[in-house]
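*Asks:* Requesting a structural model of the entry that follows:
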Amino acid sequence: MSNLIHAMIRVLDEARSVSFYEQAFGLHVADRLPFDTFTLVYLSNPESESNFELELTINSGRTEPYNIGDGYGHLALSVADLEAAHSRLTAAGLAPRKIVEFAPAGEVIAKFFFIADPDGYQIEVLQRGGRYR
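*Replies:* Numbering: from 1, shown residues only. Alright, predicted model coming up:
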């Protein structure tokens with residue numbers, strides 16, 4: 001049986017990204033592994049029941065933003081109170097987009113908003129419940 005353990009994204013500025021993910025989602029540095037040409041930073045939420053981590057890869061000497069391309073979709077996180085999270089992120093100046101209710105057959109199956117991190121990666125924030133725990 002397999003177990004998802006992390007997702008990796010490449011970021012330009014370690015401090016800026018770590019600050020964003022800590023301020024926006026309460027993720028903290030669980031580990032930092034520096035190598036000659038790159039650094040890996042693992043972020044996690046120590047209060048989460050999941051051991052899943054976000055791995056930030058910072059390539060040494062990189063000065064140009066990454067081209068995210070059309071293959072990347074988004075990361076997703078669930079929160080207990082979507083409106084409170086949206087209000088907090090708005091007050092922090094992090095510019096979340098509007099809250100959306102997804103109801104393809106008339107019944108709401110998801111309530112969410114998106115926010116972009118400093119490198120332009122899209123993050124979906126979902127109201128916890130149903131399949132989104």
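*Asks:* Just the CA coordinates for the lengthiest helix in the chain, please, in PDB.
*Replies:* Of all the segments of type helix in the chain, defined by DSSP state H, the longest one is helix 14-25. C-alpha atoms of helix 14-25 as PDB (Å, rounded to 0.1, in the frame of the first residue of the first chain):
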ATOM      1  CA  GLU A  14      13.100  30.700   0.100                       C
ATOM      2  CA  ALA A  15      12.300  33.300   2.800                       C
ATOM      3  CA  ARG A  16       9.400  34.800   0.800                       C
ATOM      4  CA  SER A  17       7.800  31.400   0.200                       C
ATOM      5  CA  VAL A  18       8.300  30.100   3.700                       C
ATOM      6  CA  SER A  19       6.800  33.300   5.100                       C
ATOM      7  CA  PHE A  20       3.800  33.000   2.700                       C
ATOM      8  CA  TYR A  21       3.000  29.400   3.600                       C
ATOM      9  CA  GLU A  22       3.400  30.100   7.300                       C
ATOM     10  CA  GLN A  23       1.200  33.200   7.300                       C
ATOM     11  CA  ALA A  24      -1.400  31.800   4.900                       C
ATOM     12  CA  PHE A  25      -1.700  28.200   6.100                       C
END
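*Asks:* which residues sit against it?
*Replies:* 11, 27-29, 39, 41, 43, 45, 54, 56, 58, 77, 89, 92, 94, 115, 117-119, 123 (C-beta atoms under 8 Å, 6 or more residues apart in numbering). Using the backbone N, CA and C atoms, a C-beta is placed for each residue, glycine as well.
*Asks:* Buried among those? Make that a ChimeraX selection.
*Replies:* To isolate the buried ones among those in ChimeraX, judged by 16 or more other C-beta atoms under 10 Å, type:
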select :11,27,41,43,45,54,56,58,77,89,115,117,119,123
